[in-house]
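[1] Pasting the sequence and the predicted coordinates here, then a few questions.
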Amino acid sequence: MELKTAEAEPATAVAWQTTDTEVSAQTAPRDSGQRVLKPGYKQTEVGLIPEDWEVKTLKELAAIQRGASPRPIDSPIWYDRASTVGWVRISDVTKSDGKQLKGTEDYLSDKGIANSRFLPAGSLIMSICATVGIPVITKIDSCIHDGFVGFTRLKFVDQEFLYYKLKEQEPAFRSMGQTGSQSNLNTDLVRDRPVALPPLPEQRAIAAALSDVDALLAKLDALIAKKRDLKQAAMQQLLSGKQRLPGFSGEWEVKRFGDIATPRKDRLDPRKAGTQEFCIELEHIEQGAGRLLGSASTGDQSSLKSIFQAGDVLFGKLRAYLRKYWLADREGVCSTEIWALMAHRRLVTPEFSLVFANKGAIGRALVG
């Protein structure tokens with residue numbers, strides 16, 4: 001699919017015209033370095049943009065408000081599974097379809113809603129803590145905690161266009177995040193961020209073109225999901241012994257889970273050992289998929305961490321039914337709410353023990 005949008009060229013693009021063109025070297029506009037500008041463009045603080053585009057800060061385009069969190073966060077009085085108002089966490093955003101948030105893991109009670117920041121369905125939000133700079137449009141009534149900002153009362157800008165603009169700014173926002181126990185982005189940095197803004201009709205055309213690309217990618221994702229279901233069915237057949245691979249006919253053994261893998265007990269205090277650059281928290285592991293969504297570095301106030309090695313299977317023990325697991329490809333530290341499971345290699349490979357995590361067997365074996 002060919003997209004013919006009129007987006008500005010990147011700030012690093014070469015968009016200068018030499019003096020032997022139709023634009024006279026004497027009359028053509030020039031930049032501060034006395035180079036001739038490409039006709040129809042102007043130099044701005046965000047780079048070269050079309051002449052009919054503007055540069056505005058995000059606070060000129062929307063009211064930007066930080067979320068709020070009820071305390072203590074783990075108190076059951078804030079939650080109600082029968083509620084229709086979602087409690088947005090970064091893990092909800094990272095596992096969404098990328099553009100729309102259609103549900104959350106937790107839902108708030110009336111007391112929880114009163115102590116957070118409520119936003120109606122159809123609101124644009126962005127993460128400013130942990131995994132910084134991820135925007136999403138909510139499709140349900142929800143509340144955001146202080147790790148998010150909401151963009152409301154939009155002016156001069158189409159909401160979908162602003163969503164894509166925030167996606168464009170994601171790497172910059174991440175680089176601006178303040179490092180501590182986890183990355184944080186100051187709200188004022190978001191408000192003061194300048195962006196290039198075309199006229200509204202062009203905004204809508206650009207957003208529609210990019211939405212078409214998203215729709216195509218969604219179809220490809222659906223195809224991948226179908227293939228994944230086929231794999232799951234094959235796993236159930238092979239791992240239960242209902243179907244045997246050619247060349248294998250011997251008897252299987254029954255082992256306790258503790259015979260094939262053991263949780264590591266090594267701990268590290270970042271306040272004494274110093275900053276650890278690769279730290280995994282529960283929110284960094286995707287539910288039921290075995291994928292790592294991100295990582296963080298520890299800070300001066302970080303709590304005790306578990307040490308893991310390459311080849312260990314990390315499995316979230318807090319709400320183990322969520323099946324948050326990952327096969328570590330490097331050493332690091334992780335939350336003590338995560339088991340670092342070391343496979344006993346004379347009986348099982350790390351990759352095979354990962355299968356138990358996918359099936360939920362680890363949680364059942366270790367929790368009881």
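    Structure received.
[2] ok now the lengthiest helix in the chain, how far from the chain's centre?
    Determined from DSSP state H, the single longest helix within the chain is helix 200-239. Helix 200-239 sits 17 Å away from the centroid of its parent chain (CA atoms, centre = their mean, to the nearest Å).
[3] So which bits of that helix are buried?
    Buried residues in helix 200-239, defined by neighbour count with 16 or more other CB atoms under 10 Å: 202-203, 205-207, 209-210. For every residue, glycine as well, the C-beta is placed using N, CA and C.
[4] Redo the residues you listed as TSV? Include pLDDT and distance to Leu327.
    Compiled in TSV, the buried residues of helix 200-239 are given as follows (pLDDT from 0 to 100; distance: CB to CB, whole Å):
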residue	pLDDT	distance to Leu327
Glu202	97	46
Gln203	97	43
Ala205	97	44
Ile206	97	40
Ala207	96	38
Ala209	96	38
Leu210	95	34
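[5] Confirm for me that Ala261 is in contact with Phe315.
    No. Counting by CB atoms under 8 Å, Ala261 sits too far from Phe315 to count as a contact (9.5 Å).
[6] How is the protein divided into domains?
    1-51, 58-207, 257-367 (automatic domain parsing).
[7] how about those in a markdown table, adding distance to Lys231?
    Shown next, in a markdown table, are the domains of the chain (distance: least, CB to CB, whole Å):
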| stretch | distance to Lys231 |
| --- | --- |
| domain 1-51 | 29 |
| domain 58-207 | 19 |
| domain 257-367 | 10 |
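[8] so who does the spatially most central residue of the chain touch?
    Among the residues of the chain, the one closest to the centroid is Thr94, at 3.7 Å (CA atoms, centre = their mean). Applying CB atoms under 8 Å, 6 or more residues apart in numbering, we find Thr94 in contact with 131, 134, 283, 286, 293-294.
[9] switch the cut-off to 6 Å
    Leu293 (CB atoms under 6 Å, 6 or more residues apart in numbering).
[10] roughly how far is the one helix or strand Gln65 maps to from the heart of the chain?
    Using DSSP states H and E, the element containing Gln65 is strand 63-66. Put simply, strand 63-66 sits 20 Å off its chain's centre (CA atoms, centre = their mean).
[11] ditto for stretch 68-83
    Relative to the chain's own centre, stretch 68-83 is displaced by 23 Å; criterion: CA atoms, centre = their mean.
[12] quick one: secondary structure of Cys143?
    strand (DSSP: H, G, I helix; E, B strand; the rest coil).
[13] measure it to Arg89 for me?
    Distance, Cys143 to Arg89, by CB to CB, to the nearest Å: 11 Å.
[14] Just give the number of residues close to the residue nearest to Arg153 when sequence neighbours are not counted.
    Closest residue to Arg153 apart from its sequence neighbours, by CB to CB, 6 or more residues apart in numbering: Ala63 at 4.4 Å. For Ala63, the neighbour count with other CB atoms under 10 Å is 12.
[15] Phe315 now?
    For Phe315, using other CB under 10 Å, the count is 24.
[16] now swap in the one 3 residues further on and tell me
    Around Leu318 sit 11 other residues, with neighbours defined as other CB under 10 Å.
[17] Mind pulling the model confidence for it?
    pLDDT, Leu318: 83.
[18] What of Glu9?
    What the model reports as pLDDT for Glu9 is 42.
[19] and Phe161, that one's in a strand?
    No. According to three-state DSSP, Phe161 belongs to no strand; its state is helix.
[20] mind showing which ranges of the stretch 151-300 of the chain have poor pLDDT?
    178-183 (pLDDT under 70).
[21] Could you rerun that using 50?
    181 (pLDDT under 50).
[22] Report the contact partners of the spatially closest residue to Phe148 that is not a sequence neighbour.
    Once flanking residues are discounted, Phe148 sits nearest to Gly67: 4.6 Å by CB to CB, 6+ apart. For Gly67, the contacting residues are 117, 144-146, 148, by CB under 6 Å, 6+ apart.
[23] If we use 8 Å, what do you get?
    Each residue near Gly67 by CB under 8 Å, 6+ apart is listed here: 88, 116-117, 125, 143-150.
[24] Just among these, which is most surrounded?
    Among the contacts of Gly67, Val88 has the most neighbours (other CB under 10 Å), with 30 neighbours.
[25] hang on, isn't that residue packed against Asp146?
    No. Between Val88 and Asp146 there is no contact under CB under 8 Å: 11.5 Å.
[26] now the helices for the stretch 251-368 of the chain?
    Shown for the stretch 251-368 of the chain, the helices assigned by DSSP state H, counting those that start in this stretch span residues 257-260, 270-273, 350-359, 361-367.
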